[in-house]
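Chemist: I'll drop the sequence and a predicted model, then ask my questions.
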Amino acid sequence: MQRPRGGLLGNGGGGAGAKRPRKHISFARDGIKVRFVKPPPRSMNHRYWFTETESVAKKGISFEVEPDIAVSVDVSCRMQLTGVASQSCKALPLLSTNTVAGKQKPNSKSNGRVYLRLKANPSLGALGAVQRASRWLTVASVEEGHIEKIRVILPVGSYTLSCVGPRPVQVFAQVWDLETRLN
C-alpha cells in the first residue's frame, strides 16, 4: 500500500507555496511572541553579512646594529633592507683610541668601512635545508659618514644581523604587514 503524496506539508506538488516561512522569536515583557519573517533576497546579503579583506601595508623602520652584538630579527610577512648608514667618528660619543681587533686607531684607512652581515636562523620545519645556507653573508658595506642604498629582500623567517667594524651601522628597511578589515 502506498501513501498518498502531496498535501500541505508533503514534498510534492506544492511549488513555492509549500515552503514554510522562517520563524522569528522575540522576547518581550508581555511574553514570547512568534512572528513569521520572510528572509531577504540573496542580492541583499551585503547588508546582512560581512566580508574580511586583507591588504598588505608597507611600513618603514630603522634600527641600529652595534659592533660585536648580534641582533635577531623575526620576519612575519616580508622585509626589504633599503639602506645602511654609518656616522662619522666626530658625531659619535667618545670612542676609545684602541679597538679590540688589531689595536688600530679608528681614523686609519683600514677602519673606513663598516660591514653588515646576515645569517638565516634554522626553523623547526626545515633544519636540514637551512643549515647548508646558514653561514654569514655580507650584504652591505658603508664608509664613515655615508649612506648606501641596498636592496635585500628577506622572506618569512628568523635572521641574525651583525656589524663588523669599529662603529655601529644604521639599517633602514620596509616591512610588509598584513592588515585585515571587516567590510
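Modeler: Received, thanks.
Chemist: where does the prediction get shaky in the chain?
Modeler: Residues of the chain meeting the criterion pLDDT under 70: 1-26, 32-34, 89-111, 123-133.
Chemist: how's it carved up into domains?
Modeler: Domain assignment of the chain by automatic domain parsing yields the ranges 18-50, 53-182.
Chemist: what would these look like in TSV with mean neighbour count?
Modeler: Every C-beta, even on glycine, is put in place using the N, C-alpha and C of the backbone. As requested, these are arranged in TSV below (neighbours: other Cβ atoms under 10 Å):
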stretch	mean neighbour count
domain 18-50	9
domain 53-182	14
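Chemist: for stretch 66-84, measure first residue to last.
Modeler: 13 Å (Cα to Cα, to the nearest Å).
Chemist: nope, stretch 150-165 is what I meant
Modeler: For stretch 150-165, the first-to-last residue distance is 18 Å (Cα to Cα).
Chemist: where do the strands sit along the protein?
Modeler: Using DSSP state E, the strands found in the chain span residues 22-28, 31-37, 52-65, 71-75, 78-85, 113-121, 137-143, 147-154, 157-164, 169-182.
Chemist: can you put the ones you listed in JSON lines and add distance to residue 43?
Modeler: Formatted as JSON lines, these follow (distance: least, Cβ to Cβ, whole Å):
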{"stretch": "strand 22-28", "distance to residue 43": "18"}
{"stretch": "strand 31-37", "distance to residue 43": "18"}
{"stretch": "strand 52-65", "distance to residue 43": "20"}
{"stretch": "strand 71-75", "distance to residue 43": "43"}
{"stretch": "strand 78-85", "distance to residue 43": "38"}
{"stretch": "strand 113-121", "distance to residue 43": "51"}
{"stretch": "strand 137-143", "distance to residue 43": "54"}
{"stretch": "strand 147-154", "distance to residue 43": "44"}
{"stretch": "strand 157-164", "distance to residue 43": "45"}
{"stretch": "strand 169-182", "distance to residue 43": "21"}
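Chemist: for residue 44, which of the ones you listed is the nearest?
Modeler: In terms of Cβ to Cβ, the element of the strands of the chain nearest to residue 44 is strand 31-37, at 13.8 Å.
Chemist: from residue 135, how far off is the residue nearest to residue 75 when sequence neighbours are not counted?
Modeler: Excluding the flanking residues, the one nearest residue 75 by Cβ to Cβ, 6 or more residues apart in numbering is residue 154, at 5.2 Å. According to Cβ to Cβ, to the nearest Å, residue 154 stands 16 Å off from residue 135.
Chemist: ok, now which ones touch residue 43?
Modeler: Contacts for residue 43 (Cβ atoms under 8 Å, 6 or more residues apart in numbering) come out as none.
Chemist: equivalent analysis for the one 10 residues further on, please.
Modeler: With contacts defined as Cβ under 8 Å, 6+ apart, the neighbours of residue 53 are 180, 181, 183.
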